[in-house]
Structure formats: structure tokens, C-alpha cells
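Enquirer: Got a sequence here, can you model it:
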Amino acid sequence: MTDFGAIDALLAGAGRQVPLPPVGERRILREELNLSRARLAQVLGVSPSTVGGWESGRDPSGEMRVKYAYFLDGAKAQLAADSARQAPVDEPEAQVVADTGRAVGQDDDVSVLATPQPCVLCGQPVRYQVAGFPQHLDAAGCAGAPVDALPAAEPTPAAAPAAAAAGVRRGRGRAGGVGQGSRGVKVVAAGRRVRPADAPDPLAARVSSAVAAALAEHGGDVAQATAALVKRAIPDAMELLDQSRVGGRYDIVAHPWLPDVLRKQSARGADQIWEARPKWTRPELPAGVHEVTALDINGAYLSALKTHLPLGQLEHSEGGQHDRRRAGVHLITPPDWDHDAYLPNPIGSRDELGPLWVTEPTLRLLLRICGPKYALCDPPVIHESWTSGATEGLLEKFRITLKDARDKAIADGDDVTLEYVKAMYSKFVSTLGESNYNREVYRTDWMHLIRSQAFANLWWKAHRAYDEGLMVVRAMGTDELHVAGDWRAVFPEGRGVSEVKVKDVYTVGDTTPTTPEEA
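Expert: You can find the predicted model right below:
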């Protein structure tokens, strides 16, 4: 006799898999919500590379498929709800008609925000955005708008066709043409879109808005606001990084598997990577008295964000060839260095002999100075490598945003923003490794590479000083270079990232004759 209970159980367990949207929609849904792969992966309990696989054609199965489908359905619903909230003309939109003579919806560039956001011109909360940027519709109410920015009167419906026809004639029949007597709008790239060249950068607006909010929250108390901003520097930096990556050409693996050379040897120990930190002092100065200036290199770690960073999980290779399209860490036998009397060793202060693991910036530095242009040493011997496809511009938008905010803060005498920006880029670098304060990106290799780039940058400044006739006396850490001579003819003085400032001035040597009694 047939076991009908077993058949029922079979049918119950043979349900169809939860449907998923087409592959092309999955990434779009995530990016439209400004969510990074790392954030989604963290919530789902998988790696960002797994999410990348789902967005490239692989489908999850079992419970994970149900969770992923639930997220995608929810993303669709949220985006649809956001669109619906923008469509109706409610009471605030009626006010827009009174202020500007037009209702939202008559101009495709104007839309209502679900929640107020800071105006890109003055930083005050607004309910509307124009061409994708939050801002006041009435220039009279915007503290950051020029006086002549008041909206012009809209043409009447009867006059609109004539005006449009005149515009076509002035543009000589070409769509988007700029007619005689009219001024074109210069634009720059902003992710997948463009924005007016003279409009404030939305990324920079995030920094200024955070500072304004902190000052308001603490009643204008500078010390308290600064402390609060420094405390939240890591999550704010990661959010800024996510925004700068929207529309980027490259996807990254935020939590890759790491080879043993990048793992700590013990709980309080270090991994096997040598960062080439300089700690060098010239062994002997010429006879006489020398005035030595200790120069402070501004924004060393900020400048070092421009370096070749691996995008994906590191892969192992052997042999002596270096692929400039890839980056990572390399086991090398460094060349002998015969110039310690006047220039620091590019691999830093190291007493041990034999092979060591170095980073991409150190290897590229050695390969460059061993070439015919400099001929300072023999080529390093490469034994094995852990590398991935790389790009030098991965953090460029992030770096430029922080650099511009730093420059503006210095020009304005804004110490709150200056300390906030410093904390963002320095803590970003320091928490890329094993840290409980940053779970968004776990790239110990990036941390080593950025630090090593800062050390390599300092070495190049020492070499430039030597090449320009200065006497290099000392090189320390990421930002300290001691020289004797007319350094202002070589390095611009100031607080900018490309400038240096004086940390100390002292004299070495003594020409005062001594008598036997004084000796």
C-alpha cells in the first residue's frame, strides 16, 4: 500500500527555489541604495567577493538564497516607495509654486527629498534637490548662493513654444547647443553623472555638514565638537569612502583571505612584512659649523593614499619577474647599499642579512633606483610574491576630498575641521589591519602598502635634497627630514600637502678654539 504521508513530505520538500532578479539588476539595486558590497556581505554573513559573484552570474542556494532574495525584494520596494514619495504635490511643494512660480514635477531636475539634507551651497537642511544636488530653490533663503542667483521668471505657456523655437535657432538646430549671447555650463565628472564645475562637491559637503552638526550639538564648544568628531572619525571615513566608490570602475575584496606572511606571529607580535621605515642619521658631517633645519613633511599618510593597491585576494607566484599591473608583497634579497654616508638606505634600518618580505612601494623604489637613470644599486632578487591586479587610483577621490577639506580648513583657520580630517585619514590607515574599530574593510596588505608609500615618499624627498646640493643629515619616520643648506630653494614652505614647514633649527659643530686648560 502506498505511503501517502511520505508522498506528501516529498511534495512539501520539492518546492521551487525563490526567484531572483536578473543578474544585471542586482548590483544596480544595491548601488541605488548607496550600499557597499562589504556592508551587504556583513549583514548576510558572507564575504564581499561572494556578493560580487552573485552580482556577476552565480546564484546562492538554500537559506542564503532566501535571504538574498529578501534583500533584493526589499531594495525594490524601498526604491519604489522613495519614488512615490517624490511624485505627489503636497503642501511643501505648493510653497515651491508660490516661491518659484513652478511646481515640482514641471522640471525634471527638481525633486523632493524623503528626508532633509544639507544644502550643497550653505549647509542648511533643505527638502529639495536640483540636478541631483540638495539645495534651496529660492536663492534668497540660501546663505551660500550669490546675490544674482535669484530664479528668473518662467515663460508663460503661450510664450514657451516661441522661446523653445528661438533656442533651437540660436543653437543652430543642435540638441544642447549654446547660442550666441548665452553662457554654457561647464561640468565635471561625478561618478556616473556630471555636475557643474563651480558647484560644491557633495563629498566635501559631507565633511562640512558633519562639522557644522557637531558644533551645533555641543553649543559651539570647539573642544567638545573636535573630540566628538575625532571619536567618530573611522565610521565617517568609511562612509565617505563608500560614497567616493559609487560608480567606480573597480570592485574590491574588502575581507580577503590572507597568506601567513600577513598574519601575526603571536597575539602581541607582528607579521612578516618589512615596511622600510627610515631611521637614519648621517654618520659624519664636514668640518665647520652647520645650521641644520628639521623639516616637517605635511600630510604624509594623506599623500601615501595614492599608491598601487591590490583589488582582489592575493595570489601566490614565484620567480624573479615583476608585473607592474599587479601589487602586493614580495620576498626579496635586497641589494647592497653603498651610499649610507650621505643617503638613507631605501629598505630602512635593517641589521639582518638575507631575504625579507617587502611591500610594493619598496620594491618599485628599488627597481627604479637600480635603473640606468640613477644606478644607485643592483636590482633586488625577487623570490616569490603575493599579489593581485592593482590600480593607483583606487582611493583617489577619497584622498582628494580629504586634501581639499584640509586645505580649506587651513585657509579658514578652522582647527575643528583640520583635526577631524587628520583623524579620518590617519585612523583609516591604522585600522585597516586587525582592528576592533573598523569592520568595513580588513586589508592588512593595504595598511602595509600605504605606510611603506609614505616612507618611500620621504626617501625621494631626501634624494631630491641631495640632488639639489643640500646636505641630508637625518631622515626619520614618515615626515621628518633634516637638511643643511638653502632648503627654500628646493622645497616650498607652507602647510599644504605639497609643502614643508620648519620643525626645528639647530647648529652642529664648533669653531671656537680651545686651550689646553679648557680641554
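
Enquirer: Domain-wise, how is this protein divided?
Expert: 17-86, 260-508 (automatic domain parsing).

Enquirer: What is the distance between the longest one and the centre of its chain?
Expert: If I follow you right, that is domain 260-508. Its chain's average C-alpha position is 18 Å from that of domain 260-508, according to C-alpha atoms, centre = their mean, to the nearest Å.

Enquirer: Now do the end-to-end distance for it.
Expert: By C-alpha to C-alpha, to the nearest Å, the extent of domain 260-508 from end to end equals 46 Å.

Enquirer: Just the element for the residue minimising distance to the centre of the chain, please.
Expert: With distances taken as C-alpha atoms, centre = their mean, residue 398 lies nearest the centre of the chain, 2.5 Å away. Mapping residue 398 onto the secondary structure by DSSP states H and E places it in helix 396-412.

Enquirer: Could the C-alpha coordinates of that helix be exported in PDB?
Expert: Coordinates of each C-alpha in helix 396-412 appear next as PDB, following Å, rounded to 0.1, in the frame of the first residue of the first chain:
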ATOM      1  CA  GLU A 396      42.000  59.000  -5.300                       C
ATOM      2  CA  LYS A 397      38.500  60.600  -4.900                       C
ATOM      3  CA  PHE A 398      38.700  59.800  -1.200                       C
ATOM      4  CA  ARG A 399      42.200  61.300  -1.000                       C
ATOM      5  CA  ILE A 400      41.300  64.400  -3.000                       C
ATOM      6  CA  THR A 401      38.200  65.100  -0.900                       C
ATOM      7  CA  LEU A 402      40.200  65.000   2.400                       C
ATOM      8  CA  LYS A 403      43.000  67.000   0.900                       C
ATOM      9  CA  ASP A 404      40.700  69.800  -0.300                       C
ATOM     10  CA  ALA A 405      38.900  69.800   3.100                       C
ATOM     11  CA  ARG A 406      42.300  70.100   4.800                       C
ATOM     12  CA  ASP A 407      43.400  72.900   2.500                       C
ATOM     13  CA  LYS A 408      40.200  74.800   3.100                       C
ATOM     14  CA  ALA A 409      40.400  74.300   6.800                       C
ATOM     15  CA  ILE A 410      43.900  75.700   6.900                       C
ATOM     16  CA  ALA A 411      43.000  78.700   4.800                       C
ATOM     17  CA  ASP A 412      39.900  79.400   7.000                       C
END
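
Enquirer: Buried ones in the helix or strand containing residue 64, by neighbour count?
Expert: According to DSSP H and E, residue 64 maps onto helix 62-86. Buried residues in helix 62-86, defined by neighbour count with 16 or more other C-beta atoms under 10 Å: 65, 67-69, 71-72, 75, 86. For glycine as for every other residue, the C-beta is placed from the backbone atoms N, C-alpha and C.

Enquirer: which stretches of the stretch 201-350 of the chain form strands?
Expert: Secondary structure of the stretch 201-350 of the chain (DSSP state E, counting those that start in this stretch): strands at 273-274, 279-281, 290-297, 309-310, 315-318, 326-333.

Enquirer: And these: which comes nearest residue 206?
Expert: strand 309-310 (22.6 Å; C-beta to C-beta).

Enquirer: And for the closest one, what's in contact with it?
Expert: In this structure, residues lying in contact with strand 309-310 by C-beta atoms under 8 Å, 6 or more residues apart in numbering are 326-328, 387-392, 394-395, 445-446, 449-450.

Enquirer: Stretch 260-267 now?
Expert: Contacts of stretch 260-267 (C-beta under 8 Å, 6+ apart): 270-273, 314, 329, 331, 357, 386, 434, 444-445, 448.

Enquirer: so residue 416 sits right up against residue 224, yeah?
Expert: No. The criterion here is C-beta atoms under 8 Å, and residue 416 misses it with residue 224 at 10.2 Å.

Enquirer: Next one: the residue nearest to the residue nearest to the centre of the chain when sequence neighbours are not counted relative to residue 57, how far apart?
Expert: Leaving aside its sequence neighbours, residue 398 sits nearest to residue 244 (C-beta to C-beta, 6 or more residues apart in numbering; 4.4 Å). Applying C-beta to C-beta, to the nearest Å, one obtains 27 Å for the distance of residue 244 from residue 57.

Enquirer: Show the model's pLDDT score for the residue nearest to residue 398.
Expert: We have a pLDDT of 87 for residue 244.

Enquirer: repeat for residue 511
Expert: With respect to pLDDT, residue 511 has a value of 59.

Enquirer: and what of residue 199?
Expert: At residue 199, the pLDDT value in this model is 60.

Enquirer: Where does the residue lying closest to residue 439 once chain neighbours are set aside fall, secondary structure wise?
Expert: Closest residue to residue 439 apart from its sequence neighbours, by C-beta to C-beta, 6+ apart: residue 42 at 6.7 Å. Assigned by DSSP H and E, residue 42 belongs to helix 37-44.

Enquirer: shouldn't residue 65 be in contact with residue 46?
Expert: No. Using C-beta under 8 Å, residue 65 is not in contact with residue 46, being 11.7 Å away.

Enquirer: which residues in the stretch 401-519 of the chain form strands?
Expert: Along the stretch 401-519 of the chain, counting by DSSP E, counting those that start in this stretch, strands occupy 471-476, 480-484, 500-508.

Enquirer: Point out the most buried one among those.
Expert: Mean neighbour count (mean count of other C-beta atoms under 10 Å) peaks for strand 480-484 among the strands of the stretch 401-519 of the chain, with a mean of 22.

Enquirer: elements contacting that strand?
Expert: Packing partners of strand 480-484 (3 or more C-beta pairs under 8 Å, 6 or more residues apart in numbering; DSSP states H and E): strand 290-297, helix 444-467, strand 471-476, strand 500-508.
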